[in-house]
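In: Okay, here's the prediction I keep looking at, along with the sequence it came from:
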Amino acid sequence: METSTTVRDSMDVRRRAHELGLPPLGDISILPRGFATAATQGELRHESDASTLRKLLIEAGVPVQQLEPSDHLPIVVQKGADWLAPTIFVGSMLMTQNPYAIQIALGVVESYITDFLKARLPTGRLRLSFVVEIETAESKSFKRFDYDGPVAGIKDIAPLLKKLHDE
């Protein structure tokens, strides 16, 4: 099964959350679908597994926030052999002070997805995106990292995110 990864510049997600009237982002936050393009909060949706993923991460000791207004967002249910994960924001402080939290989070995602795709493996694919905050004394920027490939490839993501942050 073919694997692809892409890295590209991303918008300032902290500013974008403020523009949409959403709460401030945590060190790890699950972003809703439509976050980059929505004109209003009413256009935002959560992926069907976002709240389950959040609960599993919290149980594993990874403090994660599901970014939404005070009212819960509607859920998008997508059928198919692939698993489209919600986009996960990773703050610069977390990458600097606790990079192991990313490895733990990816382990939780891998376990959950393996169970989810059990009936579809080895044909099931994972699509997972991260937005990484990169902060230096001189500037702040955001990079989006997209992964599309087999579940087994998730083991390679944490070092790639660390490298992206440190460049």
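Out: In hand now; what should we look at?
In: C-alpha from now on. contacts and neighbour counts both.
Out: OK.
In: Verify the contact between residue 145 and residue 5 for me.
Out: Yes: applying C-alpha atoms under 8 Å, one finds residue 145 in contact with residue 5, separated by 7.0 Å.
In: Those two - which one has more neighbours?
Out: residue 145 (22 against 14; other C-alpha atoms under 10 Å).
In: what sits against the more buried one?
Out: By C-alpha atoms under 8 Å, 6 or more residues apart in numbering, the contact set of residue 145 is 5-8, 129-132, 161.
In: and what of residue 106?
Out: 154-155, 157-158.
In: Pull the distance from the helix or strand harbouring it to the chain's centre.
Out: Residue 106 belongs to helix 100-116 when elements are defined using DSSP states H and E. Centre-to-centre, helix 100-116 and its host chain are 12 Å apart (C-alpha atoms, centre = their mean, to the nearest Å).
In: Name the SS class of the spatially most central residue of the chain, please.
Out: Centre of the chain computed as the mean C-alpha position; nearest residue by C-alpha atoms, centre = their mean is residue 88, 1.6 Å away. Under DSSP: H, G, I helix; E, B strand; the rest coil, residue 88 falls in the strand class.
In: about what we covered before: out of the contacts of residue 106, which are buried?
Out: For the contacts of residue 106, a burial check counting by 16 or more other C-alpha atoms under 10 Å picks out 154, 157-158.
In: Save the residues you listed as TSV, and put in distance to residue 97 and pLDDT too.
Out: TSV is the format used below for the buried ones among the contacts of residue 106 (distance: C-alpha to C-alpha, whole Å; pLDDT from 0 to 100):
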residue	distance to residue 97	pLDDT
154	22	84
157	18	90
158	15	88
